[in-house]
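1. need a 3D model of the following:
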Amino acid sequence: MRIVLLAAALFCSAFVGACISATGRLEQNRFQHEIYPYALFYPPNGRAESPLGPHYTLENFRSPDGQHRYQKAGDGYTIERSYATDTPPSVQRELFYDLLFSRDTPQAAFWIRTVPLPEAERDRPLAELAQHYLDNVARLGRVAVPLGVEAAPSSNTRVQLRETGRVPCELSKREALRLDFEVENTRAVRSLNAPDWKAGTVVLIRSGYLARGKYPVLMLVGRSSAVKDTALLESDYDRLLQQLVLGDKGQGLSMKGGHSCHLGGAATAPEEPVESATPPESSGGEHAPTPELEVPTIQEDAPGAIENPEQPLPPSGT
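-> As a prediction, this is how the structure comes out:
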């Protein structure tokens, strides 16, 4: 009998004050997005509570009864998105992350996000979107930042930023771009355990999906860690990209994996054929608009060695 751990399709948060749609569900062998036909397949030693395997904890889901899993919608896990070409224009509070993982040793954070872009940016080059992403990193001083229809940072202050790599690539036969950078850690002045700089990697993927039927969706796969741990974490990040499979509406996910977004530049394919899955149909719910956009404190990065204010504490031990 197939056992499926479902994330609730709708749940309510006292903080948000409204129901927010879950981004996906945790199944026996994969995370399946509820709206877009993509999945993250677990490695052989992965399971719903730790989809990347040992040393990793899934941070943006909770399980009050130990069986059913629900996405967190409290402070730091949601953001307001402005859909300007809707009739009438609307502002919705939605989940910031599809998946957010923390690693215990070395401490790091990995995540997957699906971000709607304004209709006018449908054909905007990935290089320009990447530069806009870096501008927001410099303004906010963190690796996971708003983009697209999400609330933009208004601060004029900027922290130091070093771009260390930019590689055009493909993931699941989609156009992508890998961005590597280091950003000054503003927490370092307040903690002896925090490094002066954090390392970030983000792969921007032109998914081909549409939010609400017209807003192009950019997928972001990110990693954040102390600079000294970058090389140690590269194999895990490469595996995350390899296990991510983007399908097409109405079709299965078999043989859609593989990527060329690693430091070596050569394409990698899944070690075994990926299980075929029937993706969900696209849907879009309407939520009561909120009055204005705000940039929240987003849960990101593990504290400890990284000392980032946005991330829940990872588990202790190894």
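
2. and the strands in the stretch 101-250 of the chain?
-> Secondary structure of the stretch 101-250 of the chain (DSSP state E, counting those that start in this stretch): strands at 108-116, 161-171, 174-184, 197-211, 215-226, 244-246.

3. make JSON lines from those strands and add mean pLDDT and distance to L126 to it.
-> All C-beta atoms are positioned from the backbone trio N, CA, C, and that covers glycine. Formatted as JSON lines, the entries for the strands of the stretch 101-250 of the chain read as follows, by pLDDT from 0 to 100; distance: least, C-beta to C-beta, whole Å:
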{"stretch": "strand 108-116", "mean pLDDT": "97", "distance to L126": "13"}
{"stretch": "strand 161-171", "mean pLDDT": "96", "distance to L126": "8"}
{"stretch": "strand 174-184", "mean pLDDT": "97", "distance to L126": "4"}
{"stretch": "strand 197-211", "mean pLDDT": "96", "distance to L126": "5"}
{"stretch": "strand 215-226", "mean pLDDT": "97", "distance to L126": "8"}
{"stretch": "strand 244-246", "mean pLDDT": "95", "distance to L126": "15"}
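
4. distance to Y97 and mean neighbour count added to the ones you listed, as CSV?
-> Shown next, in CSV, are these (distance: least, C-beta to C-beta, whole Å; neighbours: other C-beta atoms under 10 Å):
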stretch, distance to Y97, mean neighbour count
strand 108-116, 5, 25
strand 161-171, 18, 16
strand 174-184, 18, 20
strand 197-211, 13, 23
strand 215-226, 10, 24
strand 244-246, 14, 23
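
5. could those strands go into JSON lines alongside distance to A127?
-> Shown next, in JSON lines, are the strands of the stretch 101-250 of the chain (distance: least, C-beta to C-beta, whole Å):
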{"stretch": "strand 108-116", "distance to A127": "17"}
{"stretch": "strand 161-171", "distance to A127": "8"}
{"stretch": "strand 174-184", "distance to A127": "7"}
{"stretch": "strand 197-211", "distance to A127": "9"}
{"stretch": "strand 215-226", "distance to A127": "13"}
{"stretch": "strand 244-246", "distance to A127": "21"}
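
6. closest to K72 out of these?
-> strand 108-116 (13.1 Å; C-beta to C-beta).

7. between that closest one and strand 197-211, how many degrees?
-> 30 degrees (axes from the mean of the first three to the mean of the last three C-alpha atoms, to 10 degrees).

8. what is strand 108-116 packed up against?
-> Helices and strands touching strand 108-116, as assessed by 3 or more C-beta pairs under 8 Å, 6 or more residues apart in numbering; DSSP states H and E, comprise strand 99-103, strand 197-211, strand 215-226, helix 230-243.

9. circling back: the strands of the stretch 101-250 of the chain: which one's closest to Q71?
-> The nearest among the strands of the stretch 101-250 of the chain, by C-beta to C-beta, is strand 108-116 at 12.7 Å.

10. only alpha carbons, please: show that closest one as CSV.
-> Only the C-alpha atoms of strand 108-116 are listed here, as CSV (Å, rounded to 0.1, in the frame of the first residue of the first chain):
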residue,chain,number,x,y,z
ALA,A,108,24.3,25.5,5.7
ALA,A,109,20.8,26.1,4.2
PHE,A,110,19.5,24.9,0.9
TRP,A,111,16.1,25.9,-0.6
ILE,A,112,13.8,25.8,-3.6
ARG,A,113,11.5,28.7,-4.5
THR,A,114,9.1,29.4,-7.4
VAL,A,115,8.8,33.1,-8.0
PRO,A,116,6.2,34.8,-10.3
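
11. in this protein, what helix or strand scores lowest on average pLDDT?
-> Every helix and strand of the chain was ranked by mean pLDDT, DSSP states H and E. The lowest is strand 10-13, at a mean of 40.

12. that older thread, need the helices and strands packed on strand 108-116 in CSV with distance to F61, can you?
-> Listed next are those as CSV, based on distance: least, C-beta to C-beta, whole Å:
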stretch, distance to F61
strand 99-103, 8
strand 197-211, 22
strand 215-226, 18
helix 230-243, 17
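
13. so which of these comes closest to Q28?
-> helix 230-243 (14.7 Å).

14. need the pLDDT of G74.
-> Looking at G74, its pLDDT is 84.

15. neighbours of it, how many?
-> 12 (other C-beta atoms under 10 Å).

16. what helix or strand is it located in?
-> Counting by DSSP states H and E, no helix or strand carries G74.

17. who's in contact with L246?
-> Counting by C-beta atoms under 8 Å, 6 or more residues apart in numbering, L246 touches 37-38, 171-174, 205, 207-208, 219, 256.
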